[in-house]
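Student: When you get a sec, could you give me coordinates for this:
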Amino acid sequence: MTTKALTRCYRFEHVDFEPDLRLLVWKDSTETKLTLHESRLLETLCYFAGEVISAQSLFDKTFIQLDPYEDESHGHFDLNTLLLALSKKLEHNGTVAIPIEVLPHFGFRVPMPNKTCRHIHTFDKQPRLTDEAKPAPKLESATEHIVKYSLMHKISVFLLAAAGVAIVFFSNY
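Tutor: Now for the predicted structure:
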């Protein structure tokens, strides 16, 4: 059994980048999975392809939309480390598929894709394994993510519970 999904695609000569799936699909049909932040960074660069985007603008456009309820420890990203990790994944069989050009004092630029399109991605019956040979993690909704990991959410629930206990306690007097 196969499953199909319609995804956005930036098509370059040697690779298709599918930001919705955080995936690089090479011409030999192999795939490279990107982290959420690598995918966001590449998507921003591809959106502004052909243009020079300053480091600050790149950072703002990539990470400004992060969940405001996320813990503070996740709020700081090293753009250089992320660019280095992404650049390594963009190399395949000795070829850099999407070169990230660094223009000192100005910013970054990637070449224009050959095509931007919607692409039907076909998933095999057996899910493909990541580079670490682990199955893909179960996707969770934004609400589930906030409930599980947001410190602000946990504090809010605690304060509401404490207020409820206080109301019950003082209403008995």
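Student: pull the longest helix from the chain.
Tutor: Longest helix in the chain, counting residues (DSSP state H): helix 151-171.
Student: okay, it in CSV with CA atoms only?
Tutor: C-alpha atoms of helix 151-171 as CSV (Å, rounded to 0.1, in the frame of the first residue of the first chain):
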residue,chain,number,x,y,z
LEU,A,151,6.5,25.9,30.9
MET,A,152,4.1,28.8,30.6
HIS,A,153,1.2,26.4,30.1
LYS,A,154,2.2,24.3,33.2
ILE,A,155,2.5,27.5,35.3
SER,A,156,-0.9,28.7,34.1
VAL,A,157,-2.6,25.4,34.9
PHE,A,158,-1.0,25.4,38.4
LEU,A,159,-2.1,29.0,39.1
LEU,A,160,-5.7,28.2,37.9
ALA,A,161,-5.8,25.1,40.1
ALA,A,162,-4.5,27.1,43.1
ALA,A,163,-7.1,29.8,42.5
GLY,A,164,-9.8,27.1,42.4
VAL,A,165,-8.7,25.6,45.6
ALA,A,166,-8.6,29.1,47.2
ILE,A,167,-12.1,29.9,46.1
VAL,A,168,-13.5,26.6,47.5
PHE,A,169,-11.5,27.1,50.8
PHE,A,170,-12.7,30.7,51.3
SER,A,171,-16.2,30.0,50.2
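Student: Run through the neighbouring helices and strands of the helix-or-strand element of the chain with minimal mean pLDDT.
Tutor: Here the helix or strand of the chain ranked lowest by mean pLDDT, DSSP states H and E is helix 142-149, holding a mean of 72. Judged by 3 or more C-beta pairs under 8 Å, 6 or more residues apart in numbering; DSSP states H and E, helix 142-149 is in contact with no other helix or strand. C-beta: built from backbone N, CA, C; applies to glycine.
Student: For the residue most central in space within the chain, give its distance to Ala97.
Tutor: Most central in the chain under C-alpha atoms, centre = their mean is Leu36, positioned 2.4 Å from the mean C-alpha point. Using C-beta to C-beta, to the nearest Å, Leu36 is found at 20 Å from Ala97.
Student: Same question for Trp26.
Tutor: With C-beta to C-beta as the criterion, Trp26 and Ala97 are 8 Å apart.
Student: quick one: which of those two has more around it?
Tutor: Ala97 (19 against 15; other C-beta atoms under 10 Å).
Student: in terms of contact, does that one touch Arg11 like I think?
Tutor: No - taking C-beta atoms under 8 Å as the definition, Ala97 is not a contact partner of Arg11, at 10.9 Å.
Student: I am finished for the moment; much appreciated.
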